[in-house]
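1. Here is a sequence together with a model predicted from it:
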Amino acid sequence: MKNQVQLITYVDRLSGGGLKDLRALLAGPLQGVFGGIHLLPFFYPIDGADAGFDPVDHTQVDPRLGDWSDIRALTEDLDVMADVIVNHMSADSPQFKDFSARGAASPFNGLFLTLDRVFPGGATEAGLLKVYRPRPGLPLTYAMLSNGEKRILWTTFTSQQVDIDVTHAEGKAYLTSILRALAGSGIRMVRLDAVGYAIKKPGDSCFMMPETFAFIDQFAAEARALGIEVLVEIHAYYRRQIEIAARVDWVYDFALPPLALHALMTGRSDALKAWIAVRPTNALTVLDTHDGIGIIDIGADAADRAGSPGLVPPAELDQLVEWIHANSGGQSRQATGAAASNLDLYQVNCTFYDALGRDDEAYLAARALQFFLPGVPQVYYVGLLAGANDMALLERSQVGRDINRHHYTPEEVASELQRPVVRRLIDLIRLRNGHPAFQGRFELLPGASHELNLRWTSEDGQWVVLHLDLRARTHVIRCSEVVAA
């Protein structure tokens, strides 16, 4: 993976059109800004129950966006990452429809997980309560199949996303077909979406178990044989993230967004410094993605009854959530938890810019921090444009995460790119991509409790230093040379 800033985006929500339009934007106003791009699901259809994360056909580009030739054209200019949705398939997929119509006679019987497939000896209350849940309720959906059978389907996320048995012959063939389609189009990086839930085992958490690691190892080996690197997406207790990072190519630094906000809220660097001392460096650093701002990633281990402490004490974590709600004028509260469907108990739904009260200096300080930490930075398309919460979209969809999934028109993009905060952010991106010191050695330098000082030095003596004043919410960058914008 190239050590340059990447863009995370939906094809249509930034370009206002399809893949050709996105490529034109990246070759025009955003030329040379990004070294890579993570395309959020572009498979058919992009507008299902979960914004493309429930594809009917994972090997078909949604024709409204283009086709595989358009993907290949994009890979000629940039490193391109795509999602592999390993945990589930759409209830509208041909495979599930065949199973629904034919039951035991279907070749896909056994591909889709039901309650009795996961608990063949029968489920107990204790067994079900052990299952780790990212949202309220059980991972089960009562369904009447088209052949008249009544079944209880295993559905970790929504009733339209039916979990599959990734160890079943048809499950293996399905995932292999996705990898081959992506590799054939020139994609060299994939993100394993929801992979932590991919293996089910009666009497266990069904989340990041030893068997899950074994599956990730096997899948990653298959991907590498096709020339593809693998990013694992897991929201979890921070020490578990460290353990996961030791086993995979890349992980997200999901602790960074809430820790950056916590530091800017409190004016203290202690929690950030503690994380910098132990965090994995094979990380993609983010402040925002298509999901919410993670809270579980810096809190105590919810799975440990003994109470393994988090990076931030519970009272300060509660204060942080309320601070985000206050900064956003209460908008994030309307999009989070019981206030909106598609619940995520561990996330606050809000744009990062609004989480900071639209404070340009604080926002750019947070971005500078992101770019200076070891790893490969990714910038979400709404964050690139310092976007505000989309309350109209939230009202229409009643899906909390849509507050941070605005559909930009080409005219909006052109206008937003002229804002001073956006222009300064792009200058920061160019500095991160172009200064040779970022290919060298990282140091956390001494400083006061309200300061953070980070330095990079290359082998030939080039250097760049970031000074963050967390109380003032400002930053200063000094470097050995000026990198042209």
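-> Now that the structure is in, tell me what you want to look at. Bear in mind the structure is a predicted one, so any value in this text is a computation, not a measurement. Numbering: from 1, shown residues only.

2. Would you mind pulling the contact partners of the helix or strand bottoming out on mean pLDDT in the chain?
-> Every helix and strand of the chain was ranked by mean pLDDT, DSSP states H and E. The lowest is helix 238-245, at a mean of 89. Contact with helix 238-245 is made by 208, 232, 234, 236, 251, 254-255, 275, 278-280, 282-283, 297-298, 301, 308, 310-311, as judged by CB atoms under 8 Å, 6 or more residues apart in numbering. C-beta coordinates here come from the backbone N, C-alpha and C atoms, glycine included.

3. Among those, which ones are in helices?
-> Among the contacts of helix 238-245, the members falling in helices (DSSP state H) are Trp275, Val278.

4. Apply the buried test to the contacts of helix 238-245 and list what passes.
-> For the contacts of helix 238-245, a burial check counting by 16 or more other CB atoms under 10 Å picks out 208, 232, 234, 236, 251, 254-255, 275, 279-280, 282-283, 297-298, 301, 310-311.

5. so what's the residue nearest to Gly387 when sequence neighbours are not counted up against?
-> Nearest residue to Gly387, sequence neighbours excluded (CB to CB, 6 or more residues apart in numbering): Thr351, at 5.3 Å. Residues near Thr351 by CB under 8 Å, 6+ apart: Asp288, Val382, Gly383, Gly387, Ala388, Asn389, Ile403, Asn404.

6. how far away is Thr351 from Asn389?
-> The gap separating Thr351 from Asn389 is 5 Å, by CB to CB, to the nearest Å.

7. now swap in Lys273 and tell me
-> According to CB to CB, Lys273 stands 31 Å off from Asn389.

8. higher neighbour count, the two?
-> The neighbour comparison of Lys273 against Asn389 (other CB atoms under 10 Å) goes to Asn389, with 24 against 15.

9. Name the SS class of that one, please.
-> Asn389 falls in the coil class when you classify it by DSSP: H, G, I helix; E, B strand; the rest coil.

10. ok, it touching Gly330?
-> No. In this structure, Asn389 is not within contact of Gly330 by CB atoms under 8 Å, at 10.3 Å.

11. Which pLDDT does the model give Thr336?
-> What the model reports for Thr336 is a pLDDT of 85.

12. wait, it sits on Gly330?
-> No. With contact defined as CB under 8 Å, Thr336 does not reach Gly330; the gap is 10.6 Å.

13. higher neighbour count, those two?
-> Ranked by neighbour count (other CB under 10 Å), Thr336 and Gly330 place Thr336 first, with 26 against 9.

14. Next, that one: phi, psi?
-> Dihedral angles of Thr336 (phi, psi; degrees, to the nearest 10) stand at phi -120, psi 140.

15. contacting residues around the spatially most central residue of the chain?
-> Relative to the mean C-alpha position of the chain, the nearest C-alpha, by CA atoms, centre = their mean, is the one of Thr289, at 5.1 Å. Going by CB under 8 Å, 6+ apart, Thr289 touches Ile8, Tyr252, Gln378, Tyr380.

16. now with 6 Å?
-> The contact partners of Thr289, by CB atoms under 6 Å, 6 or more residues apart in numbering, come to Tyr380.

17. Next one, pLDDT for it please.
-> Note on Thr289: pLDDT of 95.

18. ditto for Asp98
-> What the model reports as pLDDT for Asp98 is 97.

19. That one contacts Ser106, correct?
-> Yes. Counting by CB atoms under 6 Å, Asp98 does reach Ser106; the two are 4.9 Å apart.

20. could you check the distance from the residue nearest to Gly227 when sequence neighbours are not counted over to Lys2?
-> Sequence neighbours aside, Arg188 is the residue nearest to Gly227 in space, at 5.9 Å (criterion: CB to CB, 6+ apart). Noted for Arg188: a distance of 10 Å to Lys2, by CB to CB.

21. Who has more neighbours out of these two?
-> It is Arg188, of Arg188 and Lys2, that has more neighbours when counted by other CB under 10 Å, with 19 against 14.

22. measure that one to Thr75 for me?
-> According to CB to CB, Arg188 and Thr75 sit 8 Å apart.

23. try Met189
-> Counting by CB to CB - Met189 and Thr75 are separated by 10 Å.

24. quick one: the residue nearest to Gly387 and Ala388, what's the gap?
-> 6 Å.

25. ok, the nearest residue in space to Trp154 that is not next to it in sequence - contacts?
-> Leaving aside its sequence neighbours, Trp154 sits nearest to Leu113 (CB to CB, 6+ apart; 3.9 Å). Going by CB under 6 Å, 6+ apart, Leu113 touches Trp154, Asp163, Asp165.

26. neighbour-wise, which of Met189 and Thr75 wins?
-> Higher neighbour count among Met189 and Thr75: Met189, with 24 against 15, using other CB under 10 Å.

27. Give me the phi and psi for the more buried one.
-> Note on Met189: backbone dihedrals following degrees, to the nearest 10 are phi -140, psi 140.

28. For the residue nearest to Met208 when sequence neighbours are not counted, give me its contacts.
-> Leaving aside its sequence neighbours, Met208 sits nearest to Gly196 (CB to CB, 6+ apart; 4.8 Å). Residues near Gly196 by CB under 6 Å, 6+ apart: Phe207, Met208, Ile234.

29. Got phi/psi on the residue nearest to the last one when sequence neighbours are not counted?
-> Once flanking residues are discounted, Ile234 sits nearest to Gly196: 4.8 Å by CB to CB, 6+ apart. Reported as degrees, to the nearest 10, the phi and psi values for Gly196 are phi -60, psi -20.

30. Next one: Gly196 from Phe53, what distance?
-> 14 Å.

31. do the same with Thr158
-> With distances taken as CB to CB, Thr158 is found 9 Å from Phe53.
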